[in-house]
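Student: structure, please.
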Amino acid sequence: MAEVVIVPTADDAGALVADAIVEVIRGRADAVLGLATGSTPLPVYTALRAKLESVDVSQVRGFALDEYVGIDPAHPESYRSVITREVVEPLGLDPRRIQVPNGSLEGIEHAGPDYDAAIAAVGGVDLQILGIGTDGHIGFNEPGSSFASRTRVKTLTAQTREDNARFFDDIADVPMHCITQGLGTILEARHLVLLAFGEGKAQAVAGAVEGPVSAMLPGSAIQLHPHATVIIDEAAASRLALADYYRYTFDNKPAWQGI
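Tutor: Here you go, the predicted structure:
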């Protein structure tokens, strides 16, 4: 079972994860971080800004979860641009050490294996930040994704394109395809940290943490990982059967164990 930590606010969650990331970097100067985009991880990146002021991050590496296929990397909604804007520049990371899946149409047929090879070449991801969709997806691994899947090209569902249309001028501008780390790739990270906030995520969180392991709910793959931490607010925890148990165990956990 994943460790579940229930906190009052998203900012509290961000501070917890930021502390864990700082410890990883202090233990390994060239730490490898798995970077997620979207609104969910923003409290983590915000908390990190102050905490990294006294930490050397010049050797830190990072790998993004996904990218649109066929989008100009300079487009403001490409994940390359988002990662640069929300993570690399605010945290003072070296942009040359931060990788995003190559969504260029040229060479797209081998972009997935190339990305997995790049992650393996630096020794794997130390801490992977994850969000979860209301349908249980992580990355762009929609329901039905294999738990053995690797980084690959996927066709975005109509719902996902509609959800993401708010970032573009028109839904017709939302790319039809993406390249995403697979569940098998994600599960190779040494520590998974899944964040979720709000009642809209409660059902997905309950299914991922306490439901059966099923490809129909990709987030349930975290149950297969030896070190997975789920950090959520009270609203996202509202459908958990064992919420009181999670609160009790975290309140009485030895401080030296961290998350």
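
Student: export stretch 126-146 as PDB, just CAs?
Tutor: Output in PDB follows, covering the C-alpha atoms of stretch 126-146 (Å, rounded to 0.1, in the frame of the first residue of the first chain):
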ATOM      1  CA  ASP A 126      15.200   9.600  -8.000                       C
ATOM      2  CA  LEU A 127      11.900  11.200  -7.300                       C
ATOM      3  CA  GLN A 128       8.900  11.400  -9.700                       C
ATOM      4  CA  ILE A 129       6.200  14.000  -9.200                       C
ATOM      5  CA  LEU A 130       2.800  12.900 -10.400                       C
ATOM      6  CA  GLY A 131      -0.700  14.300 -10.600                       C
ATOM      7  CA  ILE A 132      -3.800  12.200 -11.300                       C
ATOM      8  CA  GLY A 133      -6.800  13.000 -13.600                       C
ATOM      9  CA  THR A 134     -10.400  12.600 -12.600                       C
ATOM     10  CA  ASP A 135     -10.500   9.400 -14.700                       C
ATOM     11  CA  GLY A 136      -7.400   8.100 -13.000                       C
ATOM     12  CA  HIS A 137      -4.800   8.900 -15.700                       C
ATOM     13  CA  ILE A 138      -1.200   9.800 -14.900                       C
ATOM     14  CA  GLY A 139       0.900  11.400 -17.500                       C
ATOM     15  CA  PHE A 140      -1.000  10.800 -20.700                       C
ATOM     16  CA  ASN A 141      -1.700   7.200 -19.700                       C
ATOM     17  CA  GLU A 142      -5.400   7.000 -20.200                       C
ATOM     18  CA  PRO A 143      -7.600   4.200 -18.900                       C
ATOM     19  CA  GLY A 144      -6.600   1.000 -20.600                       C
ATOM     20  CA  SER A 145      -2.900   1.700 -20.600                       C
ATOM     21  CA  SER A 146      -0.700  -1.300 -19.900                       C
END
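
Student: ranges for the helices of the stretch 51-200 of the chain?
Tutor: Under the criterion DSSP state H, counting those that start in this stretch, helices of the stretch 51-200 of the chain are mapped to 79-83, 89-91, 111-121, 158-164, 183-186.

Student: show me the one of these that comes nearest D12.
Tutor: Between D12 and those, the shortest separation by Cβ to Cβ is 19.8 Å, and it involves helix 89-91. All C-beta atoms are positioned from the backbone trio N, CA, C, and that covers glycine.

Student: in the closest one, what counts as buried?
Tutor: By neighbour count with 16 or more other Cβ atoms under 10 Å, helix 89-91 contains the buried residues L91.

Student: buried sites along the strand or helix carrying T249?
Tutor: Using DSSP states H and E, T249 falls within helix 243-251. Residues A243, Y246 are the ones in helix 243-251 that count as buried (16+ other Cβ under 10 Å).
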